[in-house]
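Would you be able to build a 3D model of this:
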Amino acid sequence: MTACAIEPTAADEDGDECGDECGVPRNGGTTCAITADGAYAARLAPAGDCLFPERWTLDGPEPYAVPLPGNQPEEPGTEVQPMGDGRVLIRRLVDGRHAFSLLYPTGPGTGELPLGAVECPDPDTRLRLLPPAPGGEKAYALAVGRRSTAVWLVAGGAFGPEHLAMVPGRCSGGVWLDRAGRMLALDREVGGRTKAIVVDLERDGEVSPLLQIAADSDDRLLAADPDSGLLLIRSDAPSPGRGDRLGWGVVGSTLPVRFPECLRLPDCTVTPFAIQPGQVLMPENCGVALRVDGPTGTWFAVWRPAERQLLQLPAPEGWLAGAGLWTEDGVLRLPYATREVPCGVARFAVPRGAGGTGGLGEAGDAGSAAAAGSAAAAGGLGGTGETRPEDPVRDGTGGAPGEAAPSPSAPSRPDPPVPVAPRPVPLREAPLNGRVAVG
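Got it, this is the predicted structure:
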């Protein structure tokens, strides 16, 4: 399981309720949500100028889609999310209220189970769904107000939507830190600075600090893996006044957060969307899939903390950008939809060391007649690309989109140290001891 944030900042929450005219979320959000176990996905599928909910089943031999149209097309800004039992949660804005229902197929039609509604009296409050929770039995939403943020249980409760917690400050993001769906990380803006915090949903929303790399830095959590404890972080601590950097750390570690040079791409935004699960106690060996948005379009890249290079690759045609998941054995699965293949999953076998050798193998393309191109077989491992966790992450370079990364260059100077307090503990995990399940 990978828990990834929806990455609009608190300032972005001030935007309108809708995405663009085609139903694509703003702020680089994904157009498809996938359950934590990878069994189901849901999206708003286009049909001409209209949008309708669609559920994908991903855990069978081949993926297939089930349309769930209602009595009328959905409005832009409507959200859908798959549940663990195959039903699809939908959030609609109706007469100023956020109405929630569960959709399910009923022969030729669509069944709908109303769950209730959440009303936000303040017109400036913005409500959106959080990423799918572990287990798939419950779903949550975040209501961001002017000075505080509310966490709502909107599906899986006993009596409809249930208010769980009120967090002071304006929050964005949303990352699950454990497999129980108890510990939720949010990025809270207070006093002009943003820091990642943890909300304990079983202790009445008790808040604990998670990240504080420097006192005057903005530190956001983008993704987390509970098996390895790997955290993907965006912060301006290593380059104050010159923009954010993408870095990584480990829950429970006293080592500084690392900001590899290979994750800096000029004029591009790099966002993690999937982490390889099952790498217990080996966070540096986790495969990380990243979405890259640049002047020429959107593609994806693969990286491991132990390696010093970023492997950039062209996205499959029709990729539902920002959506994907890893298997434990290192196969990256990217959902896509085209006119010829309305429901497909491209599979890429990514052995360790692929970033240094270009040894990326394609493991097949479910939903299409043939693989989308030839690639080297991925039966064995490439170069290890290993470093010890305490080693500095040095410079790395990636090829242009669609090209394999070049051979590693000569070792360069280590990254400059991040300014921290005398005792550099950038991951303030102490308040979480005994309360964050990472296995």
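
so where is the stretch 251-400 of the chain shaky, pLDDT-wise?
By pLDDT under 70, the low-scoring segments of the stretch 251-400 of the chain are 353-400.

Recalculate using a threshold of 80.
Scanning the stretch 251-400 of the chain for pLDDT under 80 picks out the ranges 351-400.

And for the residue lying closest to Val190 once chain neighbours are set aside, the neighbour number?
Residue nearest to Val190 in three dimensions, not counting chain neighbours: Gly169, with 4.3 Å by CB to CB, 6 or more residues apart in numbering. Placement of C-beta: from N, CA and C, glycine included. Neighbour count of Gly169, defined by other CB atoms under 10 Å: 20.

just Arg97 next, same as before
Neighbour tally, Arg97, other CB under 10 Å: 14.

pLDDT at the residue nearest to Val190, what is it?
The score at Gly169 is 96. That number is its pLDDT.

I figured it hits Leu186, correct?
No: assessed by CB atoms under 8 Å, Gly169 is found out of contact with Leu186, at 9.1 Å.

Quickly list what's touching both of these two.
Applying CB atoms under 8 Å, 6 or more residues apart in numbering, one finds that Gly169 and Leu186 are jointly contacted by Thr149.

Quickly note the distance from Val118 to Pro240.
39 Å (CB to CB, to the nearest Å).

What number of residues are in the vicinity of the residue nearest to Met83 when sequence neighbours are not counted?
Closest residue to Met83 apart from its sequence neighbours, by CB to CB, 6+ apart: Gly136 at 5.5 Å. Applying other CB under 10 Å, we find 21 residues neighbouring Gly136.

let's have the chain start at 288 instead
With 288 as the first residue, the last one maps to Gly423.

so Gly423 sits right up against Ala323, yeah?
Yes: using CB under 8 Å, Gly423 is in contact with Ala323, at 6.5 Å.

Quick check on Glu548: phi, psi?
phi -60, psi -30 (degrees, to the nearest 10).

now the helices: where do they sit in this protein?
Ranges of helices in the chain, per DSSP state H, are 641-644.

quick one: contacts for the nearest residue to Ala610 once chain neighbours are set aside?
Leaving aside its chain neighbours, Ala610 sits nearest to Cys319 (3.9 Å; criterion: CB to CB, 6+ apart). Contacts for Cys319 (CB under 8 Å, 6+ apart) come out as 328-330, 343, 607, 609-610, 622.

Please identify which pair of these lies farthest apart.
The distance between the two most remote of the contacts of Cys319 (CB to CB) is 15.1 Å, for Trp343 and Gly609.

can you tell me which residues contact the closest residue to Leu533 other than its chain neighbours?
Spatial nearest neighbour of Leu533, chain neighbours left out: Leu550 (4.4 Å); criterion: CB to CB, 6+ apart. Contacts for Leu550 (CB under 8 Å, 6+ apart) come out as 532-534, 557, 577, 590, 597.

Now for Asp554, how many residues are close by?
Neighbours around Asp554, by other CB under 10 Å: 8.

try Thr322
Thr322, neighbours per other CB under 10 Å, totals 24.

One more: the one 5 residues further on?
One way to gauge burial is a neighbour count; for Tyr327, by other CB under 10 Å, it gives 24.

Same question for Gly443.
So Gly443, with other CB under 10 Å, has 19 neighbours.

just Ala610 next, same as before
22.

What segments of the stretch 288-437 of the chain are strands?
Assigned by DSSP state E, counting those that start in this stretch, the stretch 288-437 of the chain shows strands spanning 290-291, 319-321, 327-334, 337-344, 351-354, 366-369, 375-381, 384-393, 396-406, 413-416, 426-431, 435-442.

Using CSV, list the CA coordinates for the fourth one.
The C-alpha coordinates for strand 337-344 follow below in CSV (Å, rounded to 0.1, in the frame of the first residue of the first chain):
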residue,chain,number,x,y,z
CYS,A,337,-20.6,14.7,-20.3
LEU,A,338,-19.1,12.9,-17.3
PHE,A,339,-20.2,9.8,-15.6
PRO,A,340,-18.8,7.6,-12.8
GLU,A,341,-16.9,4.4,-13.9
ARG,A,342,-15.5,1.6,-11.7
TRP,A,343,-12.4,-0.4,-12.8
THR,A,344,-11.7,-3.9,-11.4
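
which secondary structure elements does that strand contact?
strand 327-334, strand 351-354, strand 366-369, strand 375-381, strand 384-393 (3 or more CB pairs under 8 Å, 6 or more residues apart in numbering; DSSP states H and E).

any idea which of those strands is most buried?
Among the helices and strands packed on strand 337-344, ranked by average contacts under mean count of other CB atoms under 10 Å, first place goes to strand 366-369 (a mean of 26).

List the neighbouring strands of that strand plus their orientation.
In the sheet, strand 366-369 lines up against strand 375-381 (antiparallel) (DSSP bridges).
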